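Novice: Predicted coordinates and the sequence they were generated for:
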Amino acid sequence: ETHDISVARLTKTLAPTLKKLQRNEELVFGESFTDHMLAVEWHKGQGWLAPEIRPHGPLMLDPSAVVFHYAFECFEGLKAYKDKEGRIRLFRPDMNMKRMNNSAQRIALPHFDGEQYIECIKELLRQEQRWIPSEYGYSLYLRPTMIGTEEALGVRASKSALLYTICSPVGPYYATGFKAISLYANVREVRAWPGGVGNAKLGANYAPTIVPAEQAAQHGCQQVLWLIGEQHELMEVGTMNLFIFWTNREGQRELVTPVLDGTILPGVTRDSILSLARTWGEFEVSERKLYMNELVEAERDGRLHEVFGSGTAAIVSPVKRISYLGQDIHIPLDPANPEGQAGPLTQRFNDTLMGIQYGDIPHEWSVVV
Ligand code: COI
């Protein structure tokens with residue numbers, strides 16, 4: 001089998017006509033796509049074929065392809081940024097490649113060389129340069145995807161796969177911009193469970209979240225707060241990891257996020273926030289199990305300072321209210337500014353991460369293409 005998906009083997013077929021760029025203000029998250037995509041086929045016994053850049057467009061798949069029946073699909077999300085010098089940058093793309101290989105392995109899809117694939121993605125980005133917005137807060141969202149393509153209804157590993165990446169110019173994830181959100185603590189459905197696939201970025205983890213999200217919306221909340229178990233252990237918020245900043249029972253200021261126990265998606269932004277916080281060394285940083293009664297108690301005692309979600313799409317998403325068993329938990333935002341939409345620590349993570357992503361703060365995480 002061939003494992004080589006290096007740029008040396010990359011072929012290009014370019015689109016005969018190019019699309020018209022949208023203005024930044026018109027961008028809706030994930031609704032417009034660039035001219036080209038990257039695709040690599042895999043066949044059992046043969047390995048990976050040559051990667052190709054080709055016009056973005058429909059895939060030809062037989063309706064029996066396993067992706068349509070048994071959810072052989074995993075994906076990633078990462079962004080390309082343009083810095084002040086006009087250079088293209090990626091943020092920790094190696095993390096996405098590692099996670100994608102973990103996700104693929106969980107659903108018996110083939111392993112690929114992440115470093116080589118990043119080089120192919122870089123070539124795609126050079127091709128799609130004009131699509132990368134240069135304005136702060138805007139970027140080109142990349143969606144690496146792998147699907148099982150074998151035409152067979154037997155429930156077993158797919159004998160063929162397609163690894164592709166599409167690109168979408170994006171602005172702020174929420175149409176409302178950087179605004180604090182309300183969460184609906186869901187005590188019925190669970191997003192993931194011990195021994196399940198919550199730590200893999202599988203498409204199958206997302207479709208079942210829509211009905212609960214619609215229920216949350218009926219309660220005036222923008223996202224679901226995912227819980228598990230009778231003690232209402234906290235898991236994630238919507239499609240994001242969860243962070244709490246409080247003064248703990250011991251009286252220490254502490255940043256806490258659920259520990260990666262197999263039910264939590266190992267977010268790149270999550271990891272970056274933990275790493276920044278540990279480098280700053282200004283408060284305790286913990287990864288552990290968290291329960292709703294701790295949150296209720298912290299609010300009651302005035303120890304709850306900030307709550308936010310973290311993810312590639314929104315970076316951080318400040319939370320102002322959690323609806324839990326018919327009661328509201330209120331989280332202070334910016335004590336210094338009644339109009340403010342984020343607590344000072346949430347804001348600082350946002351600004352630091354954006355600074356690194358756009359190349360204004362030098363950091364090894366930002367990779368020049
Ligand atoms: C995130 O970046 O928070 C995501 O999970 C992306 C989402 C569009 C699936």
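Specialist: Sure, I can see it. Residues are numbered from 1 along each chain as shown.
Novice: List the buried residues in the host helix or strand of residue 279.
Specialist: Element membership of residue 279 [criterion: DSSP states H and E] is helix 268-280. Of the residues in helix 268-280, those buried by neighbour count under the rule 16 or more other Cβ atoms under 10 Å are 268-274, 276-277. Where C-beta positions appear, they are placed from N, C-alpha and C, glycine not excepted.
Novice: what sits up against it?
Specialist: The contact list for helix 268-280 (Cβ atoms under 8 Å, 6 or more residues apart in numbering) reads 78, 91-92, 95-96, 99, 241, 243, 255, 257, 283, 285, 287, 310-312, 315-316, 349, 352-353, 365.
Novice: one step back: which of the buried residues of helix 268-280 lies closest to residue 250?
Specialist: Ranking the buried residues of helix 268-280 by separation from residue 250, with Cβ to Cβ as the measure, puts residue 277 on top at 17.8 Å.
Novice: if I look at the closest one, how far off is residue 94?
Specialist: Counting by Cβ to Cβ, to the nearest Å, the gap from residue 277 to residue 94 is 21 Å.
Novice: Equivalent analysis for residue 100, please.
Specialist: In this view, residue 100 and residue 94 are 11 Å apart by Cβ to Cβ.
Novice: Tell me which of those two has more neighbours.
Specialist: Between residue 100 and residue 94, residue 100 has the larger neighbour count (other Cβ atoms under 10 Å), namely 25 against 14.
Novice: In terms of helix, strand or coil, where does the more buried one fall?
Specialist: Classification of residue 100 by DSSP: H, G, I helix; E, B strand; the rest coil places it in helix.
Novice: Not counting sequence-adjacent ones, nearest residue to it?
Specialist: Excluding its sequence neighbours, the residue lying closest to residue 100 (Cβ to Cβ, 6 or more residues apart in numbering) is residue 76, at 4.8 Å.
Novice: OK, contacts around the one you found?
Specialist: By Cβ under 8 Å, 6+ apart, the neighbours of residue 76 are 96-97, 99-100, 142-145, 201.
Novice: give me every residue that touches residue 343.
Specialist: Counting by Cβ under 8 Å, 6+ apart, residue 343 touches 245, 305-306, 308, 318, 331-334.
Novice: ok, and the most crowded of those residues?
Specialist: Of all these, the highest neighbour tally under other Cβ under 10 Å goes to residue 308, namely 28 neighbours.
Novice: Residue 341 is in contact with that one, correct?
Specialist: No - Residue 308 lies out of contact with residue 341 (Cβ atoms under 8 Å); the separation is 10.9 Å.
Novice: Between those two, which contacts overlap?
Specialist: Residues touching both residue 308 and residue 341 by Cβ under 8 Å, 6+ apart: residue 318.
Novice: Just give me the neighbour total for the residue of the stretch 201-350 of the chain found nearest the ligand.
Specialist: Scanning the stretch 201-350 of the chain for the residue nearest the ligand gives residue 311, at 2.2 Å (criterion: Cβ to the nearest ligand atom). Close neighbours of residue 311, defined as other Cβ under 10 Å, add up to 21.
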